[in-house]
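Student: Prediction below, plus the sequence it came from.
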Amino acid sequence: MPEPIDSWWARRRTSRGLAVPYAVGTYREAWASFPVLVRQYRPEHNGGIVLSQIPPAADVYLCWLCDAGHLFVATPDEQRNRPGRERRRSSWCPDCSEQAKPRALPMRPPMAPAAAVREQAASLGGAAPVVGSPRVAQTAGPPPAELAPVRPAPPVRPTAVRRAKPTRASQPICDKTPAVTTGTPFVSVCAPRPASAVEAELRAELTARLEFEPGLNAVRVGRPFFDHVEVWPDIVLSELRVAIEYDSTGRHGLEHVGRREVADRRKDAALRAAGWQVVRLRTGRLPMLGPHDLQLSGFTRQTVPRLLDELRVIRGSLFVDAYLRG
């Protein structure tokens with residue numbers, strides 16, 4: 001769950017063992033594509049911490065100030081995914097967005113027949129006659145079109161009602177997940193098979209260097225992830241409570257981008273909420289999604305050593321080295 005900026009900063013100082021966990025400018029390039037958010041962020045409302053010290057995927061509450069002067073609280077992920085098909089200023093502030101929505105005018109109640117006749121007569125410049133009086137009958141010539149009786153509309157034939165297709169949100173949650181506590185790793189029957197040969201090579205290389213329970217392929221999470229309450233990391237290190245993901249753009253350059261990147265962020269957030277950390281090995285110039293991700297040119301001899309170093313940053317050298325083989 002998101003936490004206040006001061007609590008998040010104190011926890012990052014403890015986990016990283018540094019007085020300043022992230023130096024100024026660490027995430028400047030990651031925020032460069034969101035100039036509106038850079039302008040809205042105010043360090044004075046966030047404990048003096050500048051935006052380039054905060055990872056874009058951090059699950060933390062931040063204070064923002066829009067151009068109209070509205071001060072509001074939102075996480076970085078909420079700000080970067082604000083609905084705004086037209087990139088106007090109101091799409092970056094909830095208060096401005098609410099004010100920009102057109103409000104429907106209240107419907108005028110239907111008039112009584114007498115009141116309708118009076119209003120129609122007044123619009124023609126004459127005095128309002130009394131309904132049922134001889135003045136209406138003595139009017140010369142045919143009645144004006146405005147005063148002509150309105151014919152009732154023909155009855156509308158009932159049309160067949162189309163049944164709405166079930167959406168993913170309305171689909172039932174899969175009941176094959178075992179009844180274990182949130183954050184427990186297990187062997188899932190719903191987990192897909194590994195789709196990458198590099199993933200198998202990475203698992204074999206990591207198994208040769210690090211001792212961890214093999215065969216685990218899922219982690220129970222506290223909130224639904226699509227139609228499951230479990231997620232399936234590429235590699236599950238249950239002893240360290242760390243999930244490893246190997247990401248590439250794939251043969252056609254469509255993997256882990258667009259909507260699939262949004263799903264990756266949701267998956268990482270669900271794991272962190274369950275008490276796990278995530279390390280993504282990002283190749284093909286994919287941007288980092290979390291504070292512990294590694295950007296690689298591909299799977300090389302230096303991949304596993306760099307991964308072990310990042311595990312030491314997360315859990316500490318003494319704890320990680322105790323599981324090294326040999």
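Tutor: Arrived safely.

Student: Every contact and neighbour count from this point should use C-alpha atoms.
Tutor: Will do.

Student: Excluding chain neighbours, what is closest to residue 208?
Tutor: Among residues not flanking residue 208 along the chain, residue 325 sits closest, at 7.2 Å (CA to CA, 6 or more residues apart in numbering).

Student: In this structure the one you found contacts residue 212, no?
Tutor: No - the pair residue 325 / residue 212 is not scored as a contact, 10.2 Å apart, by CA atoms under 8 Å.

Student: So for the two, which residue has more residues nearby?
Tutor: Set residue 325 next to residue 212 and count neighbours by other CA atoms under 10 Å: residue 212 wins out with 16 against 10.

Student: follow-up on the earlier one: quick one, what contacts the residue nearest to residue 208?
Tutor: Going by CA atoms under 8 Å, 6 or more residues apart in numbering, residue 325 touches 208-211.

Student: Contact partners for residue 12?
Tutor: Residue 12 makes contact with residue 21 under the criterion CA under 8 Å, 6+ apart.

Student: ok, so what distance separates it from residue 41?
Tutor: Computed as CA to CA, to the nearest Å, the residue 12 to residue 41 distance reads 20 Å.

Student: by contact count, what packs against the top strand by length along the chain?
Tutor: Scanning the chain for the longest strand, with DSSP state E as the assignment, gives strand 218-225. Judged by 3 or more CA pairs under 8 Å, 6 or more residues apart in numbering; DSSP states H and E, strand 218-225 is in contact with strand 185-186, strand 228-231, helix 259-273.

Student: Show me what the shortest one is packed up against.
Tutor: Contacting strand 185-186 under the criterion 3+ CA pairs under 8 Å, 6+ apart are the following elements: strand 218-225.

Student: Could you give the separation of the strand it packs on from the chain centroid?
Tutor: Between the centre of strand 218-225 and the centre of its host chain there is 16 Å, according to CA atoms, centre = their mean, to the nearest Å.

Student: Enumerate the positions of it that are buried.
Tutor: For strand 218-225, the neighbour count (16 or more other CA atoms under 10 Å) marks 218-221 as buried.

Student: So which of those is the closest to residue 58?
Tutor: Taking CA to CA as the measure, residue 58 lies nearest residue 221 of the buried residues of strand 218-225, at 18.3 Å.

Student: residue contacts, the closest residue to residue 249 other than its chain neighbours?
Tutor: In space, and not counting its chain neighbours, residue 249 is closest to residue 255: 4.4 Å by CA to CA, 6+ apart. Neighbouring residues of residue 255 by CA under 8 Å, 6+ apart: 247-249.

Student: Whichever of the residues you listed end up buried, select them in ChimeraX.
Tutor: This is the ChimeraX syntax for the buried subset of the contacts of residue 255, where burial follows 16+ other CA under 10 Å:
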select :247,248
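
Student: separation between residue 250 and residue 286?
Tutor: 11 Å.

Student: the more surrounded of those two?
Tutor: Remark: of residue 250 and residue 286, residue 286 carries more neighbours, 19 against 12, as counted by other CA under 10 Å.
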